[in-house]
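A.B. asks: 3D, please:
(2 chains)
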Protein chains: 2
Amino acid sequence: MKSKKFILPETLMPTAWYNIVADMPTPPRPYLDPRTRAEVTVADLERLIASELARQELSRERYIEIPEEVQQIYRIWRPAPLVRATGLEKALDTPAKIFFKNEGVSPVGSHKPNSAVPQAYYNFKQGVKRLTTETGAGQWGSALAFAGRHFGLDVDVYMVRVSYDQKPYRRLMMHTWGASCYSSPTDRTASGRAALGRDPHCMGSLGLAISEAVEAALAEPETTRYCLGSVMNHVLLHQTITGEEAIRQMEMAEAEADVIIGCVGGGSNFGGIGFPFLRKKLCEGKQLRVVAVEPESCPKLTRGTFGYDIGDVSGYTPLIPMYSLGHDFQPSAIHAGGLRYHGAGSIISQLLHDGLIEATSVGQTETMRAGILFARTEGIIPAPESTHAIAVAIREALQAKEEGRERTILFNLSGHGTIDLYAYEQHLAGNLVDYLPSDEEIARTASQVIRP
Amino acid sequence: MKSKKFILPETLMPTAWYNIVADMPTPPRPYLDPRTRAEVTVADLERLIASELARQELSRERYIEIPEEVQQIYRIWRPAPLVRATGLEKALDTPAKIFFKNEGVSPVGSHKPNSAVPQAYYNFKQGVKRLTTETGAGQWGSALAFAGRHFGLDVDVYMVRVSYDQKPYRRLMMHTWGASCYSSPTDRTASGRAALGRDPHCMGSLGLAISEAVEAALAEPETTRYCLGSVMNHVLLHQTITGEEAIRQMEMAEAEADVIIGCVGGGSNFGGIGFPFLRKKLCEGKQLRVVAVEPESCPKLTRGTFGYDIGDVSGYTPLIPMYSLGHDFQPSAIHAGGLRYHGAGSIISQLLHDGLIEATSVGQTETMRAGILFARTEGIIPAPESTHAIAVAIREALQAKEEGRERTILFNLSGHGTIDLYAYEQHLAGNLVDYLPSDEEIARTASQVIRP
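C.D. replies: Okay, the predicted model is just below:
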């Protein structure tokens, strides 16, 4: 039989990230200061994040070289396998070929270290001693704990209290790698103390955890910087290692992708797989579709407003040009915690606005059915976030079957789900429902998005 | 820099398992019927397990071909990476080269599916509809759930109650793959009902779970067979895919292993990595050491008796020629649940008896320290079982440093530990202690081992 997995030799691992901004017909609008509305500069950003990351954030260079020290740590799990999903194809009885890129093979179990490692590296090079960050479900916090350890950095993770209590495994991973993990709100910051003052039993939120992490970093400018796991351009830049590898692996498989699919929270795994393929479309005129999948319960791309909004809830971040539901939009408590974010990164938003990518949304029960089918045919239990991409890959494969046409589908398996099995338990017990926000609900916070 | 990972191309994946019995100067003594003391035959065994597995159990053929259907499923995660542990080497400041084979990359997170897949396959080919098995910590049960799903088999796992309650993730994995998982003792079997009759709050034991699984299989001989995850010769045979791959990968790395290390519960991951290298020693006269590592708290190889003992506690299994602590030996509650077994497989026992392999034991705190150092230098959080191999690899590397000599060390990373993080939590909190059974404790059950 033909190969099932396509493993890139280490010697062929890409040595540069791809910055799609260089090739966009309309580059994203600039970030703005939420108070002055002035354009944000590198100097503004580097108060918060490492200088090299601030430069990458605003860069228009097409390729940015991956430092050798970063490549070395990437090699712990990279190149990640490209897999032909023959079991899933058979179960669907489809003429379509389905491939997936397996980013679940990292020690953290997801794509997150692709950016955590360079972020830790550039901070280390700059002499930073301590990193702060927030984490919701825990994927990003554990990735930064893993990455920081390699450069001897202290890592302080502010973990949303409800997850801190419900997901002890993620917290234990961070501890094992030597990071400190705090249940947010804490009494370590003014934002945390204020929240606890209002409600001593406050369960926290991602917005609040961001505020705490940013505040903690700004309080010690000599030694400390903040890190973010998605949304920002430099994060998506680092994730393009995924798509760059996948392009080479699709060549090994002698296949050409017609449609590339990724789930979207802030957009990092989607940009990671999608942007290098989009280059073929933008620069070589290749016919291909790139599809962003979001949960029906948090439909910023399909039902949000294109404009300016802040990335957190307190305005610590710049105003970002994006599709947003409004920063106070409260998504329902779905199991794909990594997709419960009110906005998408500026590049993805601009690409969607310009019709260069597509967006679609899927309900929670359809995604979990897709996850179970995938686990039982391909053996790997996918993360609840990744099941969104799988659900749409299945839709595409069934459509190809209906039309009796071939189609080559590639999706990003952003992570495995063996630390998020409660979603599967709930689904198998029949306890999961779909949440479709009403138009009134969407309208309630839409006015927070500032039209440019 | 030189490569960190050595990935075998799929086309070079071994297509046969290695049966070391063919090359042993003294083959293991035969299994005996516990009642009649008659030599156990294939016909006896195939009442319990699939006929082809029964034949493999007693085979003396040197190589046994891996069926194409099994290879196909192996390819979901195999070939597994061989990794140069450069981070660990640096931390130890050792002249030794350290390599590890990463069997944690399987969807289950351990080496167990190497045997679960062929066991499910041969049962399927024979027309069996249902598999029964027991599981302690849950690694084997989830591996069989994963494997059974691929052939449409029903899988009933009897999981020791204390683990069933404490390790919900493993149970949820089994459910996700469609298996049934019962908290043992159950009221489904006479053994279970008897135990519950004696004590309705009985927390179960591996021996009891084996009895339940065997009883359930024997009750439906037309449709059902039993499967075992370690100890038996055919299980170790299937695991040799690990060592066969590693031999080819060490060639890619242009390195020759001086010492090969694996942890031992029943012996499956140890035999898997060790036997193919032992062939070089037995057939080509290569100078190399193969070291079995067991927990101090369950020291069958270093303090047990060589003789005949049963594999469970009720005598459902044959009398197996082995090093044993006596089948009623109660190991302390250490975190490496997979190593809490009273005996070792017959091949390993004979090899040790003949001085062809070495055995050593390590205390729990040393292993957890080794696990933390490995997680922080190599990025991967190892299973508590695998930390035993790491601890001895570190001992070897430090000895090489002391002697100022080169040494090439290879160990089997039998699984990752991200579903067993409580061991790390306990260790980091300073709650772990070492358990060294007294001579009186060892003597208490030693008489259960029958001298041949």
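A.B. asks: burial measure for the residue in the stretch 351-452 of chain A positioned nearest to chain B, as a count.
C.D. replies: Across the stretch 351-452 of chain A, the shortest distance to chain B (CB to the nearest CB) belongs to residue A:421, at 3.7 Å. The way it works is simple: take the backbone N, C-alpha and C, and place the C-beta from them, glycine included. Residue A:421 is flanked by 22 other residues according to other CB atoms under 10 Å in any protein chain shown.
A.B. asks: mind checking how far it is from residue B:167?
C.D. replies: Residue A:421 sits 11 Å away from residue B:167, going by CB to CB, to the nearest Å.
A.B. asks: before we move on, what about residue A:445?
C.D. replies: Per CB to CB, residue A:445 is found 41 Å from residue B:167.
A.B. asks: Residue A:82 reaches residue A:255, doesn't it?
C.D. replies: No: with contact defined as CB atoms under 8 Å, residue A:82 does not reach residue A:255; the gap is 9.5 Å.
A.B. asks: Check the stretch 201-350 of chain A for the residue nearest chain B and tell me.
C.D. replies: Per CB to the nearest CB, residue A:252 is where the stretch 201-350 of chain A lies closest to chain B, at 10.4 Å.
A.B. asks: ok, for that residue, nearest residue in space, not its chain neighbours?
C.D. replies: Distance criterion CB to CB, 6 or more residues apart in numbering or on different chains; nearest residue to residue A:252, sequence neighbours excluded, is residue A:6 at 4.6 Å.
A.B. asks: Flag every residue of the stretch 51-200 of chain A that's near chain B.
C.D. replies: Residues of the stretch 51-200 of chain A lying close to chain B (CB under 8 Å from any CB of the partner chain) are A:68, A:72-73, A:75-77, A:83, A:87, A:105, A:107, A:109, A:146, A:149-150, A:168-169, A:172-173, A:175-178.
A.B. asks: Just these: which are in helices?
C.D. replies: Here DSSP state H is the test, and those give A:68, A:72-73, A:87, A:146, A:149-150, A:168-169, A:172-173, A:175-176 as lying in helices.
A.B. asks: Mind checking which of those residues are buried?
C.D. replies: Neighbour counting by 16 or more other CB atoms under 10 Å in any protein chain shown classes A:72, A:73, A:87, A:146, A:149, A:150, A:169, A:172, A:173, A:175, A:176 among those as buried.
A.B. asks: just these now: which is nearest chain B?
C.D. replies: Among these, and counting by CB to the nearest CB, the member closest to chain B is residue A:172, at 3.7 Å.
A.B. asks: Help me confirm that the closest one comes into contact with residue B:425.
C.D. replies: Yes: here residue A:172 reaches residue B:425: they are 5.1 Å apart, a contact under CB under 8 Å.
A.B. asks: Mutual contacts of these two, please.
C.D. replies: Residues touching both residue A:172 and residue B:425 (CB atoms under 8 Å, 6 or more residues apart in numbering or on different chains): there are none.
A.B. asks: Pull up the residues of the stretch 351-452 of chain A that are close to chain B.
C.D. replies: Residues of the stretch 351-452 of chain A lying near chain B by CB under 8 Å from any CB: A:372, A:375-376, A:378-381, A:416, A:418-419, A:421-422, A:424-425, A:428.
A.B. asks: Ranking by neighbours, what's the top pick from these?
C.D. replies: Counting by other CB under 10 Å, top hit in those: residue A:381 with 29 neighbours.
A.B. asks: who touches it in this structure?
C.D. replies: Shown in contact with residue A:381 (CB under 8 Å, 6+ apart): A:371, A:375, A:416, A:417, A:418, A:421, A:424, B:107, B:173, B:176, B:177.
A.B. asks: Also residue A:244?
C.D. replies: By CB under 8 Å, 6+ apart, the contact list for residue A:244 reads A:14, A:16, A:17, A:18, A:276.
A.B. asks: Help me confirm that it is found in a strand?
C.D. replies: No: going by DSSP: H, G, I helix; E, B strand; the rest coil, the assignment for residue A:244 is helix, not a strand.
A.B. asks: what's the angle between the helix or strand hosting residue A:369 and helix B:168-176?
C.D. replies: Using DSSP states H and E, residue A:369 sits within helix A:364-378. Angle, helix A:364-378 to helix B:168-176, by axes from the mean of the first three to the mean of the last three CA atoms, to 10 degrees: 80 degrees.
A.B. asks: partner residues bridging the residue nearest to residue A:252?
C.D. replies: Per DSSP bridges, the residues bridged to residue A:6 are residue A:82.
A.B. asks: show me the contacts for it.
C.D. replies: Residues in contact with residue A:6 (CB under 8 Å, 6+ apart) are A:81, A:82, A:83, A:84, A:249, A:250, A:252, A:253.
A.B. asks: Tell me how far the last one lies from residue A:260.
C.D. replies: For residue A:253, the distance to residue A:260 under the criterion CB to CB works out to 14 Å.
A.B. asks: Who has more neighbours out of these two?
C.D. replies: Set residue A:253 next to residue A:260 and count neighbours by other CB under 10 Å: residue A:260 wins out with 30 against 20.
A.B. asks: by contact count, what packs against the helix or strand that contains the more buried one?
C.D. replies: Element membership of residue A:260, judged by DSSP H and E, is strand A:259-263. If you count contacts as 3 or more CB pairs under 8 Å, 6 or more residues apart in numbering or on different chains; DSSP states H and E, strand A:259-263 packs onto helix A:268-284, strand A:289-295, helix A:386-403, strand A:408-413.
A.B. asks: Tell me which residues are up against the longest one.
C.D. replies: Just to be clear, that refers to helix A:386-403. A:88-89, A:92-96, A:98, A:100, A:104, A:259, A:261-263, A:291, A:293-295, A:336, A:339, A:360, A:362, A:366-371, A:373-374, A:382, A:406-407, A:409, A:411-415, A:417.
A.B. asks: list the buried ones in it?
C.D. replies: Using 16+ other CB under 10 Å as the burial criterion, the residues of helix A:386-403 that qualify are A:386-397, A:400.
A.B. asks: before we move on, back to that, for the residue of the stretch 351-452 of chain A closest to chain B, give me the pLDDT.
C.D. replies: Residue A:421 carries a pLDDT value of 85.
A.B. asks: quick one: contacts for it?
C.D. replies: Per CB under 8 Å, 6+ apart, neighbours of residue A:421: A:381, B:168, B:169, B:172, B:173, B:176.
A.B. asks: can you put the residues you listed in a markdown table and add pLDDT and distance to residue B:132?
C.D. replies: Below are the contacts of residue A:421 laid out as a markdown table (pLDDT from 0 to 100; distance: CB to CB, whole Å):
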| residue | pLDDT | distance to residue B:132 |
| --- | --- | --- |
| A:381 | 95 | 23 |
| B:168 | 84 | 21 |
| B:169 | 87 | 22 |
| B:172 | 91 | 20 |
| B:173 | 93 | 18 |
| B:176 | 93 | 19 |
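A.B. asks: For those, work out which two are farthest apart.
C.D. replies: A:381 and B:168 (14.3 Å; CB to CB).
A.B. asks: Near residue A:47, how many other residues are there?
C.D. replies: 13.
A.B. asks: Touching, it and residue A:218? I think so.
C.D. replies: Yes: Residue A:47 is in contact with residue A:218 according to CB under 8 Å; the separation is 7.1 Å.
A.B. asks: Hmm, residue A:99 is touching residue A:83, no?
C.D. replies: Yes: here residue A:99 reaches residue A:83: they are 6.7 Å apart, a contact under CB under 8 Å.
A.B. asks: Please, where are all the strands along the stretch 101-250 of chain A?
C.D. replies: Shown for the stretch 101-250 of chain A, the strands assigned by DSSP state E, counting those that start in this stretch span residues A:130-135, A:154-160, A:180-184, A:224-226.
A.B. asks: and the longest one, what does it pack onto?
C.D. replies: Which is strand A:154-160. Packing partners of strand A:154-160 (3+ CB pairs under 8 Å, 6+ apart): strand A:130-135, helix A:139-150, helix A:168-176, strand A:180-184, helix A:206-219.
A.B. asks: Tell me where the model's unsure across chain A.
C.D. replies: Residue ranges of chain A with pLDDT under 70: A:1-2.
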